[in-house]
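Student: Let's see this in three dimensions:
(chains A, B, C and D)
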4 protein chains.
Amino acid sequence: MFNKRTDLAVEAREMYGKGEKQEIPGVAVDVSDNNGVKVTRVNIQQEVGARIMNKPIGNYITIEAEGLKRRDRDVYEEVSRALGEEMKRVASVDKESTTLVVGLGNWNVTPDSLGPKVISHLMVTRHVFEYLPDQVDEGVSPVCAISPGVLGITGIETGEIIEGLVSRIKPDRVIAIDALASRKMERINATIQIADTGISPGSGVGNKRKELNRETLGVPVIAIGVPTVVDAATMASDTIDMVVDTMIKQTEEGKEFYQVLKKMQGEDRYGLIREVLSPNIGNLVVTPKEIDDMVRDMSKILANGLNIFLHPSIGPEDVDRYIN
Amino acid sequence: MFNKRTDLAVEAREMYGKGEKQEIPGVAVDVSDNNGVKVTRVNIQQEVGARIMNKPIGNYITIEAEGLKRRDRDVYEEVSRALGEEMKRVASVDKESTTLVVGLGNWNVTPDSLGPKVISHLMVTRHVFEYLPDQVDEGVSPVCAISPGVLGITGIETGEIIEGLVSRIKPDRVIAIDALASRKMERINATIQIADTGISPGSGVGNKRKELNRETLGVPVIAIGVPTVVDAATMASDTIDMVVDTMIKQTEEGKEFYQVLKKMQGEDRYGLIREVLSPNIGNLVVTPKEIDDMVRDMSKILANGLNIFLHPSIGPEDVDRYIN
Amino acid sequence: MFNKRTDLAVEAREMYGKGEKQEIPGVAVDVSDNNGVKVTRVNIQQEVGARIMNKPIGNYITIEAEGLKRRDRDVYEEVSRALGEEMKRVASVDKESTTLVVGLGNWNVTPDSLGPKVISHLMVTRHVFEYLPDQVDEGVSPVCAISPGVLGITGIETGEIIEGLVSRIKPDRVIAIDALASRKMERINATIQIADTGISPGSGVGNKRKELNRETLGVPVIAIGVPTVVDAATMASDTIDMVVDTMIKQTEEGKEFYQVLKKMQGEDRYGLIREVLSPNIGNLVVTPKEIDDMVRDMSKILANGLNIFLHPSIGPEDVDRYIN
Amino acid sequence: MFNKRTDLAVEAREMYGKGEKQEIPGVAVDVSDNNGVKVTRVNIQQEVGARIMNKPIGNYITIEAEGLKRRDRDVYEEVSRALGEEMKRVASVDKESTTLVVGLGNWNVTPDSLGPKVISHLMVTRHVFEYLPDQVDEGVSPVCAISPGVLGITGIETGEIIEGLVSRIKPDRVIAIDALASRKMERINATIQIADTGISPGSGVGNKRKELNRETLGVPVIAIGVPTVVDAATMASDTIDMVVDTMIKQTEEGKEFYQVLKKMQGEDRYGLIREVLSPNIGNLVVTPKEIDDMVRDMSKILANGLNIFLHPSIGPEDVDRYIN
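Tutor: Numbering: from 1, shown residues only, chains lettered A, B, ... in the order given. The predicted structure follows:
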């Protein structure tokens, strides 16, 4: 039914019902808006909802803020705080339980470098708990972190590296950070998704095959993702849709044009476009010109939010203090 | 007549005559192909040709090689040598005349960082001529280089910085390197253009307003450009054209569809698409996922070719020796 | 008399009188201490003082804070504010006068990259004044900035680039940022010097020959420097001095040792050490292992302080907001 | 007896016999010199030799070349080839056995970033063997690679990460690359050591506590190290020794000076110097100003040599082709 894949639950939901928002059976949705930060909590509760959404049963929280694209520093702080707050809904930390944070992606490919960049700003403490336990501050929990690299750099599946590590250090939970591909240009660097179902195969900017979840790792896996690119064929396809919609609204001429396109199933149209764009489309992405700056900023926002969540003694007033 | 701007003379030429290649009055074209490297030399000789091409009278040499996209190292060397050779058609160097190489663009924005990266691999020698004249090797010419940055970083028009510098050090020629926007996805990182007419206002990835040519600087200006991105609206527009073409070939259905689109002028269609994509399209570009690697490689190829041209004692067998 | 050069006025002063602090004729000194930030204001008023100090007549303000080495974030803010305050003693800005900030040094050599890194965090505004004058905020002054690179990269004397630029854009003052070599290890990354006499030839980490001051540029030049390295031969020489001092305090044995060393003039001893360390010493420096992090932090502190000074509407509470 | 630790077997050997080279019982030494590349093969065969050398029984091969410091590109190639050749003495590869290459050290600290940089230039192939076995070229062996980071970044002992990974992917051997601290300034970036005994605790620039060898990992571990820094206290101590030697040779005055210093045991003197330099000495290192460039070059040389060794089909003529 939903043949174009999306990593984002909010997009899967929008795709249901062709635009007019319909309730999806087995799926509860809750929306709040605060200081320009919109939080959508999608809870897939039953198998029927999971099938419709093409996502496992679990919680999917989306934090969206227009101000992120304007690179508004006040919004940055709001979003960090919201991330810290929302993380509490899907996990709880204390000084007896260890969190392993995994930064997925390739540090050499800007739109895929979000995960490793977040790791570089994270406050890690597990070694202090281990070697200098009496120097541990109140309100800090044991955190360790790794950026395993990607298959082309290491020759090893990311999943294998993480499985080996988890079996060795036995963390109580894993938080995995990843750059995503979105279907919509307006989501690029403006949306954060938290999912307590882990990472599914084939998602992410780098089309990694890894799967990181409770089944593969034996501990809860929370995934945090940010869309940094749109696939070029998706963009072309969506643009044609939008052009048709606009033409229909503007003029009568659009009508016959629309008739033709309506006859083509969405999937056929998408396939046609991919064919037309081949062979060069394979690795083309649509991304903002300032992607380097945006990924850097976004990685600080995420690290900030995670530091607040993982180390409750770091109050909101300390936002920005523990990151470089 | 040609309302969609292009930085590339080969594209301006293709746009004339709606696909079927026609001779353009006042424009001479010469094509050669060697070891997978295609060189097209467009010479705009008369005002009529300049008007049609929307480019000043002068030489425009394009070096194209499919192998660049496959990142084939043998092709890299071939292209460096071709660049070294073709440069001789538009300029000549000797040890009595100084060349200033300018790396345009923003080093913080990957697709715009080509110019500064080339500078970092260039063999500069002017200071050796000045301070240690007896240590100068045979077959080396005086070369100096600068990456002036962009308006948003410096607060100064690039043109002002270069004018100040040229008036102070009085070089005999300027070579300006810039990343370009192409109209065609297959040209990204696969094409190099040499133009002895300098840099026109408004070209380049960063939409810089600078103009660098013999009028503004008082010395010959040779521009070397490589397309690193396609504007997202252009890509959407071209995709629609290609979709229509394919549909017409494949099925009778396409006919009415085509009728509608034919009624819209190209420019109207492009405007409609921009409107539809707004407000997010402004800074969106289409680019390969591996743009970081590609720009790094391409900057070495250009530096290599320039080192061969500027310092004739560096034979083709030394390719790769003077670059990092 | 002072044969070992130092870039820092506080060190020149310490070298006078062999350790016991003596008043230097023609030099006024004022010291204040605030929240762990010590400010020493040395005013060389007469020629006699200039000769003794081996520095031109003018103001030399040193900001020191132990907490900088501990990388204490609160101290970072204090130092930024102190820098903003002290700058007012040597220059004043307003929206009618333009400041050009120059980041000296080599971005590829970590301890020499301070200047270019400061530029990257600076809030530049000159282009907004020029092209969008009605969008200029209150309390902002016109600022432009450049990192000209070093002789080995550009083939052009830094002074030539700056002279060309100054003659073209005619700023009202120049602020030049540079990494310095200190004589004392404890000053590395713990000291900031402001001098309203500009930059003398031969100072700085990179031993640049440039000279930037009112004579060469025609406008006031304020130099801001931070020591990031100690010359290895200096360190060895100073270590021997310290070893001798300690031995004398600890044991009678030291006496004869001291007699011998006393017989050698300081300069002879330094020469001997350089000879002993040759030929490898030439490019060796002593520097903290974490120099990469320290230079990054220090560049933000300086940019912060300059942003506060140049744009008075940026209050101390906005510290950190305008830098990346 | 050898109280000042050194990571290099050639230095441990030099320290025996106070300068005059003496044979060490249970240690065989073989030296060859070729095109300016000197190879010293130290084979510690018996326990007595191991005790004197303060190193486990095994092979220690040192490749030295003065030309490395001059950054001579021809020497670079010679050294890569020598490394490829010498590796064959301590390990053999084939297409049935997998090699895991580990890049130790901190990518944020220039002199400690050698290991991770080597990884970035390595040709990894294990995933091709696994997923596309029929696309594997002749003469290529399965190679995978990881840069695990350091304790302060990950919160996890490097040894734990590697143990987890080795137990998961079961390689046939591990090659570990590390930056070392040398006792001698002339060895910085001019020496490569191969040891088939793995990595001992406490060695390396970053004073890591890890131990990677056959006991801890269950497979052979070959360590490759390059000295990138000298500890500042070591340098001061050695300088004093050299000063004394020089004085004795030059003048009679030195005699009494020498008497005093002779009375102090080497260790006391070193302790005194550390005390004198405290508290700032802790993290000070002596390093070349151009350390950034040198580490980059050296990482390519090592990657090159390893690529030649691991993939025999890459002939010496392809040197430089598989690295970026």
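
Student: Those residues of the stretch 101-250 of chain A touching chain D, which are they?
Tutor: Residues of the stretch 101-250 of chain A that fall close to chain D, judged by C-beta under 8 Å from any C-beta of the partner chain: A:108, A:119-120, A:124-128, A:142-149, A:151-157, A:160-161, A:163-169. From N, CA and C alone the C-beta is placed, and that goes for glycine too.

Student: Now that we have those residues, which of them are buried?
Tutor: Burial by neighbour count, 16 or more other C-beta atoms under 10 Å in any protein chain shown: within those this picks out A:108, A:119-120, A:124-128, A:142-149, A:151, A:153-157, A:160-161, A:163-166, A:168-169.

Student: Those residues also near chain B: which ones?
Tutor: The residues of these that also fall near chain B, by C-beta under 8 Å from any C-beta, are A:N108.

Student: and the buried ones among the residues of the stretch 101-250 of chain A next to chain D, which of them are in strands?
Tutor: A:143-146 (DSSP state E).

Student: Please render those residues as JSON lines that adds pLDDT to the earlier fields.
Tutor: Listed next are these as JSON lines, based on pLDDT from 0 to 100:
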{"residue": "A:V143", "pLDDT": "96"}
{"residue": "A:C144", "pLDDT": "97"}
{"residue": "A:A145", "pLDDT": "97"}
{"residue": "A:I146", "pLDDT": "97"}
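
Student: Check those and tell me the two furthest apart.
Tutor: Comparing every pair within these by C-beta to C-beta identifies A:V143 and A:I146 as the most remote, at 11.4 Å.

Student: Name the residues contacting each of these two.
Tutor: Residues touching both A:V143 and A:I146 (C-beta atoms under 8 Å, 6 or more residues apart in numbering or on different chains): A:V101.

Student: can you give me the helices for chain A?
Tutor: In chain A, the helices defined using DSSP state H lie at A:9-15, A:47-53, A:73-90, A:114-120, A:126-131, A:151-154, A:158-169, A:214-217, A:232-250, A:254-263, A:266-277, A:291-310.

Student: Please identify the most buried of those helices.
Tutor: Counting by mean count of other C-beta atoms under 10 Å in any protein chain shown, helix A:114-120 has the highest mean neighbour count of those, with a mean of 26.

Student: tell me what it is packed against?
Tutor: Applying 3 or more C-beta pairs under 8 Å, 6 or more residues apart in numbering or on different chains; DSSP states H and E, we find helix A:114-120 packed against strand A:99-103, strand A:173-182, helix A:291-310.

Student: Excluding chain neighbours, what is closest to A:I161?
Tutor: A:P148 (4.2 Å; C-beta to C-beta, 6 or more residues apart in numbering or on different chains).

Student: which residue is nearest the middle of chain A?
Tutor: Nearest to the geometric centre of chain A sits A:G225, at 1.6 Å (C-alpha atoms, centre = their mean).

Student: Could you find the closest non-adjacent residue to it?
Tutor: That would be A:L180: by C-beta to C-beta, 6+ apart, it lies 4.3 Å from A:G225.

Student: ok now do A:L306, which residues does it touch?
Tutor: Residues near A:L306 by C-beta under 8 Å, 6+ apart: A:83-84, A:87, A:101, A:118, A:122, A:175, A:224.
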